[in-house]
Structure formats: C-alpha cells, structure tokens
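S.K.: fold the following, please.
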Amino acid sequence: MDKILIQGIRFHGYHGVTPSEQQLGQKYEIDLKIGTTNDQFSIVLAGRSDELEQALDYTLVVDSVIKIGTQQSFQLFESLAEAIAREILNRFGVTDVWVRVKKLSPPIQPSIAFAGVEIHRTAS
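M.R.: Numbers count the residues shown, from 1 in each chain. As a prediction, the model looks like this:
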C-alpha cells in the first residue's frame with residue numbers, strides 16, 4: 001500500500017505531567033505516514049494525472065498537527081498522538097495513519113535525545 005510521509009513537524013507544546021512541562025512547555029516533533037488508497041486521495045491517481053486535486057494537501061495536514069499540538073494540552077504524549085490520528089482520519093478521509101510523537105530533550109536524568117510513542121490507526 002502506498003503511503004505519504006511527512007516527517008519533522010516541530011512545535012512548542014504544553015503537554016506533560018509536571019507543572020513545569022505544563023507551564024513552560026517543551027519541543028515536540030511529529031512524523032506521519034498516511035495511507036491514501038481511497039476514492040478521495042490516491043497516490044496512483046495523483047502520480048498519473050499530476051493534478052493537485054488528486055493529492056492530499058500536506059500543508060493542511062501540517063497545519064492541523066500544529067494546531068492540535070499548540071492549542072490543546074495533554075498530560076500524556078499518547079493522548080496527543082491519539083488526537084492527531086483522529087483529526088487526520090476524520091478531516092482528510094484517509095484510510096490509515098501512523099503517528100510518531102517525540103518529546104525532544106525531556107526533563108529527565110540522565111539526559112536523552114527524546115521519548116516518544118508511535119501509533120497506527122485505521123478508518124472505521
């Protein structure tokens with residue numbers, strides 16, 4: 001199955017369990033893999049026709065992710081991943097989505113590059 005890849009969506013979000021995470025925020029990075037083998041969007045049709053109407057508008061997807069990440073607040077990045085997956089499935093009518101959420105340089109010792117979660121959800 002063909003997939004659209006969008007990697008490295010970065011934003012400053014206010015997610016976490018500790019008061020400092022909720023007040024000061026942290027840097028997050030989101031990676032997406034989106035399945036589009038439905039009637040609305042198709043990589044095959046877009047590739048053959050070279051018509052934008054056949055393709056998924058990446059800008060709208062990125063804007064949706066940033067809006068969720070910056071305007072909503074979650075204690076767990078698992079919840080952030082679920083919210084992003086639901087939005088992409090419901091708004092864009094795609095068949096499935098993988099969402100990887102990375103909390104960059106989380107406030108733990110010893111220092112690590114990131115902590116994260118990856119989920120795969122399909123349309124109902």
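
S.K.: and Leu56, how many neighbours?
M.R.: For Leu56, the tally of surrounding residues (other Cβ atoms under 10 Å) stands at 21. Where C-beta positions appear, they are placed from N, C-alpha and C, glycine not excepted.

S.K.: and the one 10 residues further on, by the same measure?
M.R.: Summarising burial for Ile66: neighbours were counted as other Cβ under 10 Å, giving 16.

S.K.: where does it sit: helix, strand or coil?
M.R.: helix (DSSP: H, G, I helix; E, B strand; the rest coil).

S.K.: could you find the closest non-adjacent residue to it?
M.R.: In space, and not counting its chain neighbours, Ile66 is closest to Phe11: 5.1 Å by Cβ to Cβ, 6 or more residues apart in numbering.

S.K.: likewise for Leu5?
M.R.: Of all residues beyond its chain neighbours, the one nearest Leu5 is Lys33 (5.7 Å), with distances taken as Cβ to Cβ, 6+ apart.

S.K.: next up, the contacts around that neighbour.
M.R.: Neighbouring residues of Lys33 by Cβ atoms under 8 Å, 6 or more residues apart in numbering: Lys3, Ile4, Leu5, Val97, Trp98.

S.K.: quick check: the third one touching Ile30?
M.R.: Pointing back at Leu5 there. No. Assessed by Cβ atoms under 8 Å, Leu5 is found out of contact with Ile30, at 12.0 Å.
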